[in-house]
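*Asks:* fold the following and give me the result.
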Amino acid sequence: MNKSNDQHNMLPPEEFGTIETGNEAVLPSGNADSSSVSYPTEIFVIPSYGRPVMPSQICPVQVTSKWEKTIEDIAASKDHVFAIFSLGDKPLKREPTHEDFPAIGTLVRLLQAKSGPNELHFICEGLCRVKIEQWIDFSKASLAKVTYPSDIYPEEGTKEELSVKAYAMSLVSAMQELLPLSPLYTEEMRQYLMRFNQNDPSMLADCAASITTAKTQKLIEVLNTVDVFKRLKISSALIKKELKAAKLQDQIRGSVSNQLSKREKEYFLRQQLKEIQKELGNKSDDRTAEATMFEKRMKKLTPPEHIEKRFSEELKKLRILETGSPEYAVTRNYLDVLTTIPWGKRVEEHIDLKKAREILDKDHEGLNDVKDRIIEFLALGALRGSTDGSIMLFAGPPGVGKTSIGKSIAKALGRPFFRLSLGGVDDESVIKGHRRTYIGSMPGKIVQALRECEVMTPVIMLDEIDKLSHSYQGDPASALLETLDPEQNNSFLDHYLDEIIDLSGCLFICTANNTDTIPEALLDRMDPIRLSGYIAEEKLAIAKKHLLPRGLKDANIKEEQLHISDEVLAKIIDEYARESGVRSLERALAKIIRKTAVKLASGEKEVTVTALDLKKYLGPAPFKKEPSIHGVGVMTGLAWTSVGGATLAIESRRISTDAQGFELTGKLGDVMKESAQIAYNFIRSSIGKYSKEHQDYFTKALIHLHVPEGATPKDGPSAGITMATSLLSLAMNREPSLGIAMTGELSLTGQVLAIGGLKEKTIAARRMGIRTIICPKANEEDLQELPDEVKDGMTFRFAQTFDDVVKFVFP
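*Replies:* Numbering: from 1, shown residues only. Below you'll find the predicted structure:
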């Protein structure tokens, strides 16, 4: 092959010269026309990479320049034929060996060749299948002895013969269907149809496989298959897969084209419609219709002057914008929000204190102190003529009725009610909305409340305000400062509207389990009202009047079909629902109702639940009464938690007389640890005052004080006198009087200091059957605030110093 500097030669085979050919072989059946080609038994073999050359296929091949001499020799031969074998997709990183060659390759005729730097390109025509029998010269000339495998056809008259004809017809049909779908196949198919008979199933199978985009290994499999029936099956699967992909591509192309055509059509029709409407003069387009709708909405309202001005500006902008522009959608959404805020609409309040009390008594059992506080609030509003500007905070354990009391207030005032849960909210945009520059922006929940309630004076409940969070998106607690401050919320600014809204007519009611987590600045704007929880008698009334009837109604069970006595309900309350609220009680009753429904559906007429049945209905009692812990060194204390009051049996023991020290267990907080240390030091220094015979008790004693329920964190100073009493009992080896619980902070000089949560602690003592409570003298006035139902049957002992406590406990 001739080659000059950086020049590529495109030479026909006649210009390569000639070489002598070896012996000739007979042309096998089912291959290309042999009229002008001989099939020698010794030929050159060239390896290639990528898709194999199929019989009767004309395609370009690229090889390395090391084969240039071989191609020149082939071009110089009489028939220009050689064998080509595909070794796979990727070139080997080494020189190929005998084992790398597949079983069958293709005999091809060289048509044209072109050389380039380090590579060689040639065009060849596939003639037939060829198989290497023996290598003559593998390393230098790559010369081999070959045979030409014949196609294997099924025997005549068999089922396989008919299947061959069916597969052939299917391939022809699929190829004809494939040609119009992709212009890439048209020219290649035209060349193929000129070179073979479509009734030849062997060549048809090769043709169908070669025009697909199948992987190299799949085409090599087709080439290696000499059984025509099996080859037709493989090719049929490949061509059907190709046809499916081509149809999908054509469908996608058609869909895109249809969408574009549809948009163009809609545009022209819209323009024509506008012209027609102009001529008729009695109809308007979508933009005009929407603008008219917004104008009608705003005419029904009485917005402030600055809102009217903003509305006019945005409406003017809407009229000049194209309906297809993004700015049009933004402006339209803004006007939709602006015109659905009930500007100027207020609910006239008719405060009837008697009716309000009836509503509160009907909806809630007990809580008389809370009801009195609400009536006082309403009475003040009646004198002023409005309840605007007040923010109440209901704080208490879960399930005591904080949310439902808010609904009752709204009902008593005749105002619509909106509840906004703030638990876990960490984005100030929930309160104040998103700015209009953001995609998908919307107003805040306060504006949403006004839109849903359709008045500017709703009752808005901010539920779980103690569970607000904050993140990089802002601090919602700080955003609420403006909302809840009566001096500021008349000029509340929503980020989406970017206009001032007067919220002074709204009545905000907040709820929380614990006020400790509410920011001080926010808490300062509220009027806290504490809900301590229900005593057993109140829970019994709630179960009879509210929970059980509501559960039966939801289950569509008549009252006469389920019988539960007061004694059974009291047992459920005492053993299954001992918390401050009534949610556990409601769940227990719901469980009984579900099991009752099963029995009624099974054919029973009525169901009676007895005390003995409770274990079957509700399982083992979690609060089953157990013998109270008492003895030397054991004293019962009272504690306040975020879910109500609780009792603590504090224990102390001397565990060694060989050393001196004091150990604490029970997962105590820092304040409680300090309180325990104060109690220990006080008793150790004052033991001679209370028992001279034991004044050396702590000299050589390692004391261990434990507060049970060790997995529950505990903190606070109010267990001081309880721990001191436990240590004194241990030192005196004397058991405290039974049926007594106590609470109070102890100072290092023996003073009993005031505590909080007296109501919750008293309810906890009643729940445990304790009827005598020792508490600080400073809390004596707080006793007057306790409801009668909480104080009934209870005895309170007030202690100013620890000496008073000793008198009560060790008479």
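*Asks:* now do the same end-to-end measure for stretch 487-504.
*Replies:* Start and end residues of stretch 487-504 are separated by 8 Å (Cα to Cα, to the nearest Å).
*Asks:* ditto for stretch 420-440
*Replies:* 21 Å.
*Asks:* identify the residues contacting that stretch?
*Replies:* 330, 334, 441-447, 449, 460-465, 467-471, 473-476, 478-480, 483, 493-498 (Cβ atoms under 8 Å, 6 or more residues apart in numbering). Any C-beta I mention is one placed from the backbone N, CA and C, and that applies to glycine too.
*Asks:* give me the buried subset of the residues you listed.
*Replies:* Neighbour counting by 16 or more other Cβ atoms under 10 Å classes 330, 334, 441, 443-447, 449, 460-465, 467-468, 474-476, 479-480, 483, 494-497 among these as buried.
*Asks:* please tell me I have it right and A765 contacts M742.
*Replies:* No: at 9.7 Å, A765 does not count as touching M742 under the criterion of Cβ atoms under 8 Å.
*Asks:* between those two, which contacts overlap?
*Replies:* L638, I773.
*Asks:* look at the two and report which has more neighbours.
*Replies:* For A765 versus M742, the count of surrounding residues by other Cβ atoms under 10 Å is larger for M742: 30 against 24.
*Asks:* show me the beta-bridge partners of the residue nearest to that one when sequence neighbours are not counted.
*Replies:* Spatially, and ignoring its direct neighbours in sequence, M742 is nearest to I774 (3.8 Å; Cβ to Cβ, 6 or more residues apart in numbering). In this entry, I774 is beta-bridged to M742, R797, by DSSP bridges.
*Asks:* which helices and strands does the lengthiest helix in the chain pack with?
*Replies:* In the chain, assigned by DSSP state H, the helix with the most residues is helix 228-280. Counting contacts by 3 or more Cβ pairs under 8 Å, 6 or more residues apart in numbering; DSSP states H and E, helix 228-280 packs against helix 159-178, helix 201-210, helix 216-224.
*Asks:* now that helix, how far from the chain's geometric center?
*Replies:* 37 Å (Cα atoms, centre = their mean, to the nearest Å).
*Asks:* mean confidence for that helix?
*Replies:* Per-residue pLDDT over helix 228-280 has a mean of 78.
*Asks:* is it true that F682 lies in a strand?
*Replies:* No: according to DSSP: H, G, I helix; E, B strand; the rest coil, F682 belongs to no strand; its state is helix.
*Asks:* can you tell me which residues contact it?
*Replies:* So F682 contacts A724, L746, L748, G750, F802 (Cβ under 8 Å, 6+ apart).
*Asks:* which members of the contacts of stretch 420-440 are positioned in helices?
*Replies:* V330, Y334, K445, I446, V447, A449, P476, S478, A479, L480, T483.
*Asks:* may I have the beta-bridge partners of the residue nearest to the third one when sequence neighbours are not counted?
*Replies:* On the basis of Cβ to Cβ, 6+ apart, the spatially nearest residue to K445 that is not a chain neighbour turns out to be L420, at 5.1 Å. Taking DSSP bridges, one finds L462 as the beta-bridge partners of L420.
*Asks:* does N224 touch A103 like I think?
*Replies:* Yes: if you go by Cβ under 8 Å, N224 and A103 touch, sitting 5.2 Å apart.
*Asks:* between these two, which is the more surrounded one?
*Replies:* N224 (16 against 13).
*Asks:* could you check the pLDDT of that one?
*Replies:* For N224, the predicted pLDDT is 88.
*Asks:* gap between it and W135?
*Replies:* Distance, N224 to W135, by Cβ to Cβ, to the nearest Å: 19 Å.
*Asks:* with G793 instead?
*Replies:* Distance from G793 to W135, by Cβ to Cβ: 112 Å.
*Asks:* same check, this time on I431
*Replies:* In terms of Cβ to Cβ, I431 sits 85 Å off from W135.
*Asks:* what of K673?
*Replies:* 92 Å.
*Asks:* now do S210
*Replies:* 28 Å.
*Asks:* which one of the two is surrounded by more residues?
*Replies:* Set S210 next to W135 and count neighbours by other Cβ under 10 Å: S210 wins out with 24 against 14.
*Asks:* now the more buried one. Nearest residue, chain neighbours left out?
*Replies:* Using Cβ to Cβ, 6+ apart, the closest residue to S210 is M54 (4.1 Å).
*Asks:* on the three-state scheme, that neighbour is what?
*Replies:* coil.
*Asks:* that one reaches I211, doesn't it?
*Replies:* No: between M54 and I211 there is no contact under Cβ under 8 Å: 9.4 Å.
*Asks:* give me the buried positions along the top strand by length along the chain.
*Replies:* Using DSSP state E, we find that the single longest strand of the chain is strand 119-137. For strand 119-137, the neighbour count (16+ other Cβ under 10 Å) marks L120, F122, I123, C124, E125, G126, L127, C128, R129, V130, K131, I132 as buried.
*Asks:* pLDDT averaged over stretch 461-480 - what is it?
*Replies:* Mean predicted lDDT for stretch 461-480 stands at 81.
*Asks:* can you give the distance from it to the centre of its chain?
*Replies:* Centre to centre, stretch against its chain (Cα atoms, centre = their mean), the figure for stretch 461-480 is 21 Å.
*Asks:* what comes into contact with it?
*Replies:* 393, 395, 403, 406-407, 417-432, 508-519, 522.
*Asks:* report the buried members of the residues you listed.
*Replies:* 393, 395, 403, 406-407, 417-420, 422, 425, 427-432, 508-513, 515, 518-519, 522.
*Asks:* and those residues, which of them are in strands?
*Replies:* Filtering the buried ones among the contacts of stretch 461-480 for strands - DSSP E - leaves L393, A395, F417, F418, R419, L420, F508, I509, C510, T511, A512.
*Asks:* related to what we said a few turns ago, now for the buried residues of strand 119-137: which two are most distant?
*Replies:* L120 and K131 (25.1 Å; Cβ to Cβ).
*Asks:* so for the helix or strand containing S115, what's the average pLDDT?
*Replies:* Taking DSSP states H and E as the criterion, S115 maps to strand 105-116. For strand 105-116, mean pLDDT is 89.
*Asks:* kindly export that strand (C-alpha atoms) in PDB.
*Replies:* Extracted C-alpha coordinates of strand 105-116, given in PDB (Å, rounded to 0.1, in the frame of the first residue of the first chain):
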ATOM      1  CA  GLY A 105     -15.800 -15.800  11.300                       C
ATOM      2  CA  THR A 106     -16.700 -14.300   7.900                       C
ATOM      3  CA  LEU A 107     -15.100 -14.600   4.500                       C
ATOM      4  CA  VAL A 108     -15.000 -11.100   3.100                       C
ATOM      5  CA  ARG A 109     -13.900  -9.500  -0.200                       C
ATOM      6  CA  LEU A 110     -11.800  -6.300   0.000                       C
ATOM      7  CA  LEU A 111     -13.500  -3.400  -1.800                       C
ATOM      8  CA  GLN A 112     -11.500  -0.400  -0.800                       C
ATOM      9  CA  ALA A 113      -8.700   0.500   1.600                       C
ATOM     10  CA  LYS A 114      -7.300   3.700   3.100                       C
ATOM     11  CA  SER A 115      -4.200   4.100   5.300                       C
ATOM     12  CA  GLY A 116      -3.600   6.600   8.100                       C
END
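*Asks:* packing partners for it?
*Replies:* Using 3+ Cβ pairs under 8 Å, 6+ apart: strand 105-116 touches strand 10-11, helix 68-76, strand 81-86, strand 119-137.
*Asks:* so which of those gets nearest L531?
*Replies:* Judging the helices and strands packed on strand 105-116 by Cβ to Cβ, what sits closest to L531 is strand 81-86, at 84.5 Å.
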